[in-house]
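Engineer: I'd like to go over a predicted model; first the sequence, then the structure.
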Amino acid sequence: MNVAQLSSVAEAMVADNKGLLAADESTGTIKKRFDSINIESTEEARRDYRETLFTTNGLGDFISGVILFDETIRQSAADGTRLAEILERQGILPGIKVDAGAKPLAGSDGETVTEGLDGLAGRVAEYVDLGAKFAKWRAVIKIGDHIPSRACIHVNAHALARYAKICQEGGLVPIVEPEVLMDGGHTIERCADVTEATLNAVYDELYAQGVVLEGTILKPNMVISGKECPKQAGVDEVAVATVAILKRTVPSAVPGIMFLSGGQTEIQATEHLHAMNANHAPLPWKLSYSYGRALQEGALKAWGGNNANRQSAQAMLLNRARQNSSACAATYTGEAA
Ligand code: 5MM
């Protein structure tokens, strides 16, 4: 394993106040996104949409890497240039989702375990040949009356660590993503407890399986109120709670923590990130973003399935990327009127 190389890629992912664009929606998820703008999810439409995002002029000023889906890393733009190559020309690292999705966990009350370890070493080797520099695996932890169970947290943490080790051996930096969902009526305090238990289990397993933390990135949820909770925590409360839980659980050897947005609005996701960086420095790790919906929502609507709208879609994406980069630098001053 080339530890120096892994660690230099991980450092580059969080350098210069940059973040990641999560564009690795699986076929089912991108269909849902396209349904919201009444567009049929064909291979060509998915290609056109992602080509629109990746050809945004100046995207590399704010985005260090893009997480791709298997189909996308193999796809070419309309002019025949590989989409991964378009990213590289912008100075953006291509990454790849390698999990096979969250599947029902046997014997549980609606919980899931993320699958995809079978044959992973072989797929990692292929993705390295296709230009990938990092990988992503997302575990899903749901909060409910009697969940998450210890078993659900344990099996997901174990699989995340196995994935991370396999990726490092194959030459990819693993993004470790244990997502505690915002769905439900739970309080921010309950989210804090579940996030703390989950991150403790994840770092136990990473240690047990010999994963080199310097060559990893953590992609967690923020500590936040459930979407249906009547009392919604404010921006500062979210920042305080998130930083407190991360300090308790994430070793300082980890170079960067790149949050998921998880259903927050675009602006909330920026405000929370800014509050953490502005009010809680110095921190042992860089705090940045790896947003899917919170970078793409406006761009997707502006594109609307019509390539004639490419420029306005790109302007929306570039603006969100710029604002989140300012949040990393603690210089975000709100949205222009
Ligand atoms: C872009 O969405 C990713 C893939 O989701 P599926 O496997 O369900 O298709 C997702 O993992 C994403 O990378 C993270 O959830 C972050 O995205 P958000 O929208 O939460 O910032």
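Structural biologist: Thanks, I have the structure now. Residues are numbered from 1 along each chain as shown.

Engineer: Please make it C-alpha for all contacts and neighbour counts, starting now.
Structural biologist: Noted.

Engineer: Assign the closest residue to Gln232 other than its chain neighbours to helix, strand or coil.
Structural biologist: Among residues not flanking Gln232 along the chain, Ser225 sits closest, at 5.6 Å (CA to CA, 6 or more residues apart in numbering). Secondary structure assignment for Ser225 (DSSP: H, G, I helix; E, B strand; the rest coil): coil.

Engineer: Mind jotting down where the helices sit in the stretch 201-337 of the chain?
Structural biologist: Under the criterion DSSP state H, counting those that start in this stretch, the stretch 201-337 of the chain carries helices at the ranges 235-249, 266-279, 293-303, 310-329.

Engineer: And the ones you listed: which comes nearest the ligand?
Structural biologist: The ligand lies closest to helix 293-303 among the helices of the stretch 201-337 of the chain, at 3.7 Å (CA to the nearest ligand atom).

Engineer: need the residues of the protein near the ligand, please.
Structural biologist: Within reach of the ligand by CA under 6 Å from any ligand atom, the chain has these residues: 22-26, 29, 101, 138, 260-263, 291-294.

Engineer: out of the residues you listed, what pair is the most spread apart?
Structural biologist: Gly101 and Ala294 (20.8 Å; CA to CA).

Engineer: check contacts around the residue nearest to Gln232.
Structural biologist: 182, 185-189, 191, 231-233 (CA atoms under 8 Å, 6 or more residues apart in numbering).

Engineer: filter those residues to the buried ones?
Structural biologist: 182, 185-188, 191, 232-233 (16 or more other CA atoms under 10 Å).

Engineer: and which of those is nearest the ligand?
Structural biologist: The closest of the buried ones among the contacts of Ser225, once distances to the ligand are taken by CA to the nearest ligand atom, is Met182, at 9.7 Å.

Engineer: Need the three-state assignment for that closest one.
Structural biologist: coil.

Engineer: give the contact list for the closest residue to it other than its chain neighbours.
Structural biologist: Leaving aside its chain neighbours, Met182 sits nearest to Gly226 (4.7 Å; criterion: CA to CA, 6+ apart). By CA under 8 Å, 6+ apart, the contact list for Gly226 reads 181-188, 191, 232.

Engineer: Adding pLDDT, write those residues out as a markdown table.
Structural biologist: Below are these laid out as a markdown table (pLDDT from 0 to 100):
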| residue | pLDDT |
| --- | --- |
| Leu181 | 98 |
| Met182 | 98 |
| Asp183 | 98 |
| Gly184 | 98 |
| Gly185 | 98 |
| His186 | 98 |
| Thr187 | 98 |
| Ile188 | 98 |
| Cys191 | 98 |
| Gln232 | 98 |
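
Engineer: roughly how far apart are Ala125 and Gly171?
Structural biologist: Counting by CA to CA, to the nearest Å, the gap from Ala125 to Gly171 is 8 Å.

Engineer: Touching stretch 1-21 from outside, list them.
Structural biologist: So stretch 1-21 is contacted by 61-67, 133-134, 168-173, 212, 214-217, 255-256, 258, 286-292, 295, 321, 324-326, 328-329 (CA under 8 Å, 6+ apart).

Engineer: sorry, back to before: neighbour count winner among Ala125 and Gly171?
Structural biologist: Gly171 (23 against 16; other CA atoms under 10 Å).

Engineer: What distance do you get for that one to Lys133?
Structural biologist: 8 Å.

Engineer: likewise Ala281?
Structural biologist: 29 Å.

Engineer: Do me a favour and get the end-to-end distance for stretch 281-299?
Structural biologist: 32 Å.

Engineer: Kindly export stretch 12-28 (C-alpha atoms) in PDB.
Structural biologist: What follows is the C-alpha trace of stretch 12-28 in PDB, where atoms were taken according to Å, rounded to 0.1, in the frame of the first residue of the first chain:
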ATOM      1  CA  ALA A  12      -5.800  17.300  -2.100                       C
ATOM      2  CA  MET A  13      -9.500  16.600  -1.700                       C
ATOM      3  CA  VAL A  14      -9.700  19.100   1.200                       C
ATOM      4  CA  ALA A  15      -7.100  21.600   0.000                       C
ATOM      5  CA  ASP A  16      -7.700  25.300  -0.800                       C
ATOM      6  CA  ASN A  17     -11.300  25.400   0.700                       C
ATOM      7  CA  LYS A  18     -12.500  23.000  -2.000                       C
ATOM      8  CA  GLY A  19     -15.100  20.300  -1.700                       C
ATOM      9  CA  LEU A  20     -16.700  17.500  -3.600                       C
ATOM     10  CA  LEU A  21     -19.600  17.300  -5.900                       C
ATOM     11  CA  ALA A  22     -21.600  14.100  -5.200                       C
ATOM     12  CA  ALA A  23     -22.900  13.200  -8.600                       C
ATOM     13  CA  ASP A  24     -23.100   9.400  -8.000                       C
ATOM     14  CA  GLU A  25     -26.800   9.000  -7.900                       C
ATOM     15  CA  SER A  26     -27.600   5.400  -8.700                       C
ATOM     16  CA  THR A  27     -30.100   4.700 -11.600                       C
ATOM     17  CA  GLY A  28     -33.000   4.600  -9.200                       C
END
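
Engineer: when you give positions from now on, start the count at 45
Structural biologist: Got it, the first residue is 45 from now on, which makes the last one we talked about stretch 56-72.
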